[in-house]
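Chemist: Need the 3D shape of this:
(one chain, ligands or ions: 2)
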Amino acid sequence: MFLKEITLKNFRNYSDLFLSFPQGRSILYGNNAQGKTNLLESIYVLGLTKSHRSYVDQSLIAQGQDFARINGTFSINELDTNLELTLQEKKKRLKVDGDLIKKVSDYVSKVNIIIFYPEDLELMKGAPNTRRRYFNLELSQLNHTYLTVLNDYNKLLKMRNDYLKDHVGVDFDDIYYQILTRYFIDKATFLYRMRKKYIDRINEFVEEYFLKISGKEGFSIRYEPGIDIEHYSKEGIEEALVQKLEQLKEAEKKVRTTLAGPHRDDYSFYVDDMNLKEYGSQGQQRMAILALKLSEIPIFKQQTGEYPILLLDDVFSELDETKRNNLLCCLPRDIQTIITTTDLTNLDEDLLNTSKLVEIECGNVIKMKEVQ
Ligand SMILES: Nc1ncnc2c1ncn2[C@@H]1O[C@H](COP(=O)(O)OP(=O)(O)OP(=O)(O)O)[C@@H](O)[C@H]1O
Ligand SMILES: [Mg+2]
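Modeler: Numbers count the residues shown, from 1 in each chain. Ligands and ions are numbered 1, 2, ... in the order given. From the prediction side, this is the model:
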């Protein structure tokens, strides 16, 4: 799939922008703080409804304005699909080909995007919820049932926590609580299995990519659910979670919150038995994240039949020349790639000659060169 064109209205520092993209590579260049990252962000938000870097939707609206709109046409399975996202008064309105979409899960799985950006390291260094949020977004792009179940799970989790908070002693209705827990376990089991399957698939590719970029073997990603799910079937996982929650029952009543379930999962990154979060160099950590994202490309392709769209924000400036070329060599030629950089002189001649070049200044396109 690829993005053909985009129109922005009041998005961050863009008051009005129209830009078309080729199926291959584009490079957005310009000085600092001109709007290169904002433009990539608009593509990401249009596809996935959320920003990769901001939790606050309001910050996406240009200062002094009361709405922002992103409209884009994508070619998906050789058919044009128009997506539109409008942000106004803390509300998001989504349209596909002009029709209003009510369920976000139906929208998010239309377009697949993988973004590489400098703050990616947070995925390694940050708290577990950073990693959960990331993998939730990736799984939601691939399977719209995942997002539906995740939303159901979060609702049940909230109900269960509210119940634990508000009902103590004789007020505690054990039968109601058991029913709630049953539903909770059902959704939890689905999430555990999907996450496990996804990380297993990533591990089919990730060592090879890490080796290609860094020259080092033995890289893997570990999924760390709080219960042992390694060899378990659906029934096995359910049973393990039933037992775990039974063990924790008194503790949960004391602290009045749910102490086990996928909302407490984590993921970690290892070279052999060395945890990169604790012992890896900054460079190794960065290469680990690159390898993870590269591994997602073939997975998306297998699952949907099409390559996702790649957004590379300032990624080259972080890598030395060899690693930069190693990375470029790992990217399939026929995948749409939109790259930002401050400095074109850093880039390979061949890359420059085969890319559309777009110079950005203060939220405007001031120069453009189409691919010859
Ligand atoms: N909601 C907003 N309204 C108006 N301007 C905004 C808004 N949010 C961010 N900006 C402006 O956007 C600019 C930053 O844009 P962006 O992050 O895209 O820069 P960049 O070109 O990627 O720069 P760098 O090369 O430093 O990464 C800043 O000048 C900032 O003030
Ligand atoms: Mg930037």
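
Chemist: from the stretch 251-372 of the chain, which residue is nearest to ligand 1?
Modeler: Per Cβ to the nearest ligand atom, T342 is where the stretch 251-372 of the chain lies closest to ligand 1, at 4.9 Å. Yep, even glycine has a C-beta here, placed from its N, CA and C like the rest.

Chemist: Does that residue touch N32 like I think?
Modeler: Yes. If you go by Cβ atoms under 8 Å, T342 and N32 touch, sitting 6.3 Å apart.

Chemist: how about the residues of this structure near ligand 1?
Modeler: 12-13, 30, 32-38, 59, 61-63, 314, 342 (Cβ under 6 Å from any ligand atom).

Chemist: Next, give me the two most distant ones among those residues.
Modeler: I61 and T342 (25.7 Å; Cβ to Cβ).

Chemist: Give me the more crowded residue out of those two.
Modeler: The neighbour count for I61 versus T342, taken as other Cβ atoms under 10 Å, is higher for I61 (18 against 13).

Chemist: Touching, the more buried one and L87? I think so.
Modeler: Yes. If you go by Cβ under 8 Å, I61 and L87 touch, sitting 5.8 Å apart.

Chemist: overlap in contacts of these two?
Modeler: F67, A68 (Cβ atoms under 8 Å, 6 or more residues apart in numbering).

Chemist: all helices of this structure, in order?
Modeler: All helices of the chain, identified by DSSP state H, fall at 36-48, 104-108, 122-125, 128-142, 144-166, 174-214, 234-247, 249-255, 276-279, 282-304, 321-330, 349-353.

Chemist: Can you name every helix or strand that the longest one contacts?
Modeler: Other elements packing on helix 174-214 under the criterion 3 or more Cβ pairs under 8 Å, 6 or more residues apart in numbering; DSSP states H and E are helix 128-142, helix 144-166, strand 219-224, helix 234-247, helix 282-304, helix 321-330.

Chemist: The last one packs against which elements?
Modeler: Applying 3+ Cβ pairs under 8 Å, 6+ apart, we find helix 321-330 packed against helix 174-214, helix 282-304.

Chemist: The same query, at a cut-off of 7 Å, please.
Modeler: helix 174-214 (3 or more Cβ pairs under 7 Å, 6 or more residues apart in numbering; DSSP states H and E).

Chemist: Work out the gap between the helix it packs on and the centre of the chain.
Modeler: 15 Å (Cα atoms, centre = their mean, to the nearest Å).

Chemist: same thing with stretch 112-130?
Modeler: So, by Cα atoms, centre = their mean, the centroid of stretch 112-130 is 8 Å from its chain's centroid.

Chemist: what's the first-to-last distance across it?
Modeler: 20 Å (Cα to Cα, to the nearest Å).

Chemist: follow-up on the earlier one: what's the PyMOL line that selects buried ones from the residues of the chain next to ligand 1?
Modeler: Typed into PyMOL, the line below selects the buried ones among the residues of the chain next to ligand 1, using 16 or more other Cβ atoms under 10 Å:
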select buried, resi 12+13+30+34+35+36+37+38+61+62+314
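
Chemist: Show me the residues of the chain next to ligand 1 that map onto strands.
Modeler: Among the residues of the chain next to ligand 1, none falls in strands (DSSP state E).

Chemist: OK, contacts around I114?
Modeler: Counting by Cβ atoms under 7 Å, 6 or more residues apart in numbering, I114 touches K293, E296, I297, P308, L310.

Chemist: Swap in 8 Å and give it another go.
Modeler: K293, E296, I297, F300, P308, I309, L310, L311.

Chemist: For the residue nearest to the second one when sequence neighbours are not counted, list each beta-bridge partner.
Modeler: The spatially closest residue to E296, leaving aside those adjacent along the chain, is I114, at 5.5 Å (Cβ to Cβ, 6 or more residues apart in numbering). Residues in a beta bridge with I114, per DSSP bridges, are L310.

Chemist: all numbers from here: first residue = 50
Modeler: Sounds good: first residue 50 from here, last item I163.

Chemist: ok, H216 - contacts?
Modeler: D222.

Chemist: so N80 sits right up against E410, yeah?
Modeler: Yes. With contact defined as Cβ under 8 Å, N80 counts as touching E410 (7.3 Å).

Chemist: Surely D65 and K58 touch.
Modeler: Yes. Contact criterion Cβ under 8 Å: D65 and K58 qualify, at 6.2 Å.

Chemist: More neighbours: those two, which one.
Modeler: More neighbours surround K58 than the other of D65 and K58, with 16 against 11 (other Cβ under 10 Å).

Chemist: lowest average confidence, helix or strand, in this structure?
Modeler: Lowest by mean pLDDT, DSSP states H and E among the helices and strands of the chain is helix 370-379, with a mean of 82.

Chemist: The residue of the stretch 300-421 of the chain closest to ligand 1 and F365, how far apart?
Modeler: Here the criterion is Cβ to Cβ, to the nearest Å. By it, T391 lies 10 Å from F365.

Chemist: For the residue nearest to E345, give its distance to L97.
Modeler: 11 Å.

Chemist: same deal with F184?
Modeler: 13 Å.

Chemist: R231: neighbouring residues, count only.
Modeler: 12.

Chemist: what does I409 give?
Modeler: 24.

Chemist: Got the confidence number for the residue nearest to it when sequence neighbours are not counted?
Modeler: Leaving out its chain neighbours, the residue that sits closest to I409 by Cβ to Cβ, 6+ apart is G79, at 4.0 Å. Note on G79: pLDDT of 97.

Chemist: That's all I had, so thanks and see you.
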